[in-house]
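1. The following comprises the amino acid sequence and a computationally predicted model.
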Amino acid sequence: MHLRLGTRGSALATTQSQHVADAVVEAAAARGVDLEVGLEIVTTHGDTSKASLVGLSTTGVFVNALRDHLLDGGCDLIVHSLKDMPVEPHPRLDLVAIPVREDVRDALCTTGPRLEELPAGARVGTGSPRRAAQLRRVRPDLEIVDIRGNVDTRLGRVGDDLAGVVLAAAGLSRLGRLESATELISVDVMVPAPGQGALAIEIRQDAEPALRELVSALDDAPTRAAVTAERAALQVLEAGCSAPVGAHATVTGGQLRLDLRVMNASGSLQLNEVARGPVREAAAVGRAAAHALLGRGASRLMGAG
């Protein structure tokens, strides 16, 4: 049996997709099925455009081409970074598995100084409005620079025109580059993006039951509950990738705790909401937290400088 797995072509995307492919093969072997999984590289608009990610605010900029390839029969399953996915379900695809989540934290990569040790005026690069706002909140004396490019491109600028860059710890870990991190920033200081550190596997709704069973074996219930709460909050806030919104849910036993934060672009103003509830009501917990922030002016805050 042979499966085709659709993925973006970056080093990070192919590495994490290969991890998924290996896990599917292992799940098949446990069921006595001899399986091969090959990667199908798909180029997305987000990969080819040189514009700022803020300028590419259309939801799904890294996702739509993969979905089209899957729907056209070019592959059997696709892998995304969950934080890149639109929150609305696709009418013809199923999010069949969300594997165990990696480290949710953001990583500061410098030539040595930690965040609190960087000199005033130091230039720190990020392509994320959320990271930029939270950096400005804790270090308003830094110069935050909007950057694009793959992990190696961004790291290559450290010590050159930038004092540091902020990247997802999960991405560095998957690439075997975690030693590049000077500091893993606490979620109390920099709350991650909804879904950060998690992967998402989609298949067609009309996929063969055998494929659905194999891939669904990779699903991790606590991870799915946590990201369900985070993404439900994001959906209520109607916030896309260009909005400075952070969400971090944790699961302990059968209970879920969600820390939701909305800020203005400068990071000078921030609204926080902590919500709790049973894991089985993860989406409701997320929606409740978001509605609480909307009632306190979150929409105006997200549009403010």
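-> In hand now; what should we look at?

2. what are the phi and psi values for Asp72?
-> Taking degrees, to the nearest 10, you get phi -80, psi 0 for the backbone angles of Asp72.

3. I meant Arg296, not that one.
-> Main-chain dihedrals, Arg296, degrees, to the nearest 10: phi -100, psi 10.

4. I'd say it and Leu271 touch.
-> Yes - taking Cβ atoms under 8 Å as the definition, Arg296 is a contact partner of Leu271 at 5.5 Å. C-beta here means a position set from N, CA and C on the backbone, and glycine is covered the same way.

5. Could you check which of these two is surrounded by more residues?
-> Counted by other Cβ atoms under 10 Å, Arg296 and Leu271 do not tie: Leu271 has more neighbours, with 17 against 14.

6. what pLDDT does the more buried one get?
-> The model reports Leu271 with a pLDDT of 97.

7. Bridged to it, which residues?
-> In this entry, Leu271 is beta-bridged to Val262, by DSSP bridges.

8. got it, and Glu183?
-> Under DSSP bridges, the beta-bridge partners of Glu183 are Leu108.

9. what's around the nearest residue to Gly254 once chain neighbours are set aside, how many residues?
-> Distances taken as Cβ to Cβ, 6 or more residues apart in numbering place Val279 nearest to Gly254, at 5.2 Å, with adjacent residues excluded. By the criterion of other Cβ under 10 Å, Val279 has 20 neighbours.

10. ok, Val279 touching Gln255?
-> Yes - at 6.7 Å, Val279 counts as touching Gln255 under the criterion of Cβ under 8 Å.

11. Can you name the residues in contact with the host helix or strand of Leu95?
-> Leu95 belongs to strand 93-97 when assigned by DSSP states H and E. The contact list for strand 93-97, computed with Cβ atoms under 8 Å, 6 or more residues apart in numbering, reads 67, 70-71, 77, 85, 89, 200-205, 207, 212, 215-219.
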